[in-house]
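K.L.:
Sequence and computational prediction follow.
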Amino acid sequence: QVQLVESGGGLVQAGGSLRLSCAVSGRAFSTYTMGWFRQAPGKEREFVAAISWSGSSTTYVDSVKGRFTISRDNAKNTVYLQMNSLKPEDTAVYYCASHSRRYSSGTDYDRREYGYWGLGTQVTVSS
C-alpha cells in the first residue's frame, strides 16, 4: 500500500518561511519523480515544483522561482519543499505526489502524470 504523508504546514506571517516534508512508503521512492502541488479555496489544484528521481533535475512554477526549493533524501524516502519569502497568495493546501512512471524526467507539471497523492497540509500566510 502506497502512502504519502505531508507535514510541516502552519500559519506564518508574510516574509516568513516553512519547510514541508512528505514521507513515502510502499513504493520504490528513489525511482520516481516527486511533485508538490497546491490548491487554494475555489481554485484548481496547481503545480508548484517537481524533482526527478535522482534529484538532478528540478522545475518550478514561475510564481515560486527563487523563493521555494524542492529537494529529496532517497535514503529517508522523503521529499521536501523549503518555502521562503512567503506571500499571502501562497496560502493553500499543499499536496505531495508521486509520478506514475519510473525514471521520468522530473519536469512533469501535469497532475495527471502523478498517480499517488498525500492528503495535504495547510499553509496559511497572513499579511
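P.N.:
Good, I have the coordinates.
K.L.:
From now on I want contacts and neighbour counts done on CA atoms only, so please keep to that.
P.N.:
OK.
K.L.:
what's the neighbour count on the residue lying closest to T58 once chain neighbours are set aside?
P.N.:
For T58, ignoring the flanking residues on the chain, the nearest one in space by C-alpha to C-alpha, 6 or more residues apart in numbering is I51 at 4.4 Å. Using other C-alpha atoms under 10 Å, I51 has 27 other residues around it.
K.L.:
Who does I51 form a beta bridge with?
P.N.:
M34, T58 (DSSP bridges).
K.L.:
cool, S7 as well?
P.N.:
In beta-bridge terms (that is, DSSP bridges), S7 pairs with S21.
K.L.:
all strands for this structure, in order.
P.N.:
3-7, 10-13, 18-25, 32-39, 46-51, 58-60, 68-73, 78-83, 92-102, 114-117, 121-126 (DSSP state E).
K.L.:
Strand 92-102 and the first one, what's the angle between them?
P.N.:
Direction vectors for strand 3-7 and strand 92-102, defined by axes from the mean of the first three to the mean of the last three C-alpha atoms, to 10 degrees, enclose an angle of 150 degrees.
K.L.:
What of the fifth one?
P.N.:
Calculated by the same axes, to 10 degrees, strand 46-51 forms an angle of 50 degrees with strand 92-102.
K.L.:
tilt between strand 46-51 and strand 68-73?
P.N.:
40 degrees.
K.L.:
Output the contacting helices and strands for strand 46-51.
P.N.:
Secondary-structure packing of strand 46-51 (3 or more C-alpha pairs under 8 Å, 6 or more residues apart in numbering; DSSP states H and E): strand 32-39, strand 58-60, strand 68-73.
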